[in-house]
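>>> Would you be able to build a 3D model of this:
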Amino acid sequence: MAARVFSVEFRSAIAQRILNGESVQALATEFKIKRSILYRWRDAYRLAGKDGFRKTRGRPRGSTTQVKIKPGMTAADRRIAELERRIGRLSMENDFLARAFKRVKEARSKNSASGEARCTEK
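Below is the predicted model of the structure:
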């Protein structure tokens with residue numbers, strides 16, 4: 001079953017109905033939408049109005065190197081923050097790969113019947 005996509009207007013209208021006192025259960029039954037989704041819509045509408053529904057899904061473009069600009073930040077400060085973020089990401093990737101290689105090596109050693117080195121190992 002394909003996911004249904006609801007317009008901003010529809011979601012804001014439902015959120016307004018909830019805030020006006022209508023039963024979430026009744027609306028969930030009427031529109032065949034999970035109550036948890038309706039509560040999420042209500043909360044988003046309560047926080048930001050219709051703009052609360054305009055967020056996109058997934059990772060924002062360029063999020064890996066974007067730095068939030070704070071008042072008083074110089075170009076050098078922004079560059080340092082960007083490089084620190086990159087170092088952190090690369091460190092996480094290295095840790096992941098090290099664990100993966102360790103598991104592969106352990107699995108290979110368990111599969112080796114004799115104690116001889118395998119042809120891929122030197």
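
>>> hey, let's count contacts and neighbours off CA atoms from now on
OK.

>>> The longest helix seen in the chain - what's its average pLDDT?
For the chain, the longest helix by residue count, based on DSSP state H, is helix 75-111. With pLDDT averaged residue by residue, helix 75-111 scores 88.

>>> likewise stretch 17-32?
Rounded mean pLDDT across stretch 17-32 is 94.

>>> Hmm, residue 11 is touching residue 39, no?
No: Residue 11 sits out of contact with residue 39 when judged by Cα atoms under 8 Å, with a separation of 10.9 Å.

>>> Looking at those two, which one has more neighbours?
More neighbours sit around residue 11 than around the other of residue 11 and residue 39, counting by other Cα atoms under 10 Å; the figures are 19 against 15.

>>> Residues touching whichever strand or helix holds the more buried one, excluding its own?
Assignment of secondary structure by DSSP states H and E places residue 11 within helix 8-19. By Cα atoms under 8 Å, 6 or more residues apart in numbering, the residues outside helix 8-19 that reach it are 24, 27, 38, 41, 42, 45, 49, 50, 53, 54.
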